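Enquirer: coords below, sequence missing:
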């Protein structure tokens, strides 16, 4: 079993107090323009959180471990099995490509390109639990430097039974936050929603992994984008 999603009520109450305090400051003309413009987090706040998130991603990807951040569990992907057989849920949960490997992206810088990530197995690192059959998976990709958010991709339901493997695709748009140039360093995440959770509706660009409201994010880091025509 895996941990559940975030508890929003306490956060909402705390957030209401912050917004009220900010409204008083802004009404008095004492606020910074970026923080008074829409009552939300400033660009500086988001950028700082993104840097913190990327540090966690780099750490767990290197150590093949899990770490909690903003009430979301982020885990490094494990080594794919060398067996020619389709792995079972008892096998370590892996992503292909792995951290540090090339990431093929079919398309070009004008029309965009599509990457495919394979997830296999089911067992998370350490005592973090296992992926449950029937879970919904969503892939996302984003730049490493600067770590300016995530492009969400398709969702699939993880198969039940012995065939614990699925391919997920995400299309990187032209002119987006991921430069469509060969050699660009990219990180990928597979967001896991257990059978009792629904995949959250998200915009076309997501700031943080925690904004996906998933139980777990399994990540690979420092993938070298390889853009080529189909």
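Expert: Good, I have the coordinates. Everything quoted here is computed from the prediction, not taken from an experiment.
Enquirer: Now do the strands in the chain.
Expert: For the chain, the strands defined by DSSP state E cover 66-69, 72-76, 94-96, 102-108, 112-120, 136-143, 151-157, 165-172, 185-193, 216-228.
Enquirer: Stretch 133-142: how far from the chain's middle?
Expert: 9 Å (CA atoms, centre = their mean, to the nearest Å).
Enquirer: now that stretch: mean pLDDT?
Expert: Averaging pLDDT along stretch 133-142 yields 96.
Enquirer: buried stuff in that stretch?
Expert: For stretch 133-142, a neighbour-count test (16 or more other CB atoms under 10 Å) marks 133, 135, 136, 137, 138, 139, 140, 141, 142 as buried. (Glycine included, C-beta is placed from N, CA and C.)
Enquirer: Repeat that for stretch 75-89.
Expert: Neighbour count says stretch 75-89 has 75, 76, 77, 78, 80, 81, 87, 88, 89 buried, by 16+ other CB under 10 Å.
Enquirer: Mind checking the pLDDT average for it?
Expert: 81.
Enquirer: contact partners of it?
Expert: With CB atoms under 8 Å, 6 or more residues apart in numbering as the test, stretch 75-89 has contacts from 60-66, 91-96, 98-99, 120-125, 128, 130-131, 133, 162-165, 216-221.
Enquirer: so who does residue 186 touch?
Expert: With CB under 8 Å, 6+ apart, residue 186 has these contacts: 103, 115, 141, 142, 143, 144, 178, 223, 224, 225.
Enquirer: per-residue confidence at the residue most central in space within the chain?
Expert: Nearest to the mean C-alpha position of the chain, by CA atoms, centre = their mean, lies residue 189 at 3.9 Å. Model confidence at residue 189, expressed as pLDDT, equals 98.
Enquirer: Give the bridge partners for it, please.
Expert: Beta-bridge partners of residue 189, counted by DSSP bridges, are residue 140, residue 219.
Enquirer: any idea how far the residue nearest to residue 145 when sequence neighbours are not counted lies from residue 129?
Expert: Nearest in space to residue 145, with sequence neighbours left out and distances taken as CB to CB, 6 or more residues apart in numbering, is residue 185 at 6.2 Å. To residue 129, residue 185 is 30 Å away according to CB to CB, to the nearest Å.
Enquirer: can you check residue 93 too?
Expert: 10 Å.
Enquirer: more crowded one of these two?
Expert: residue 93 (26 against 19; other CB atoms under 10 Å).
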